[in-house]
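**Student:** no letters, just coordinates:
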């Protein structure tokens, strides 16, 4: 079984959404972890947008990357530029991947516009996560 770490700034939105989709697509072929260089708590709008696509991440917790220094990761995926730049170094042979997704938590506008931005980013992360599992786990 492969270990995958998804890393973002606050482990609140993008990394949580990716965690949910990677887990969904990998099934029992990978163990997924998500963390942040800070912890901001799981964003309720991230939970809601995932529920709208049939995935429950309400049980997820917001974790700091330093909690996982003893895990031998096969893959580390950063999902925002800030996390890529600020991530503390920890020894790992993991293959590293990066994709900067927009932060839906920073969306402004009406409730409907914010909801649409969460859905847009969620859908981008879903496509990325599915392709990642196909390319690296379902070999």
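**Tutor:** Alright, I've got the coordinates. Remember, it's a predicted structure, so these values are computed and weren't measured experimentally. Residues are numbered from 1 along each chain as shown.

**Student:** lowest confidence element among the helices and strands of this structure?
**Tutor:** Least confident helix or strand, the chain: helix 81-86 with a mean of 65, by mean pLDDT, DSSP states H and E.

**Student:** starting from that one, tell me the next helix or strand along the chain.
**Tutor:** strand 95-98 (DSSP states H and E).

**Student:** what lies in contact with that following strand?
**Tutor:** Contacts of strand 95-98 with the rest of the structure, by CB atoms under 8 Å, 6 or more residues apart in numbering, involve 74-79, 84, 132, 136. Where C-beta positions appear, they are placed from N, C-alpha and C, glycine not excepted.

**Student:** right, and the helix or strand after that strand?
**Tutor:** helix 111-136.

**Student:** buried stuff in that next one?
**Tutor:** Of all the residues in helix 111-136, those buried under the rule 16 or more other CB atoms under 10 Å are 114-115, 117-118, 121-122, 125-126, 128-129, 132-133, 136.

**Student:** what's the residue closest to the geometric middle of this structure?
**Tutor:** In the chain, the centroid-proximal residue (CA atoms, centre = their mean) is residue 15; its distance is 2.1 Å.
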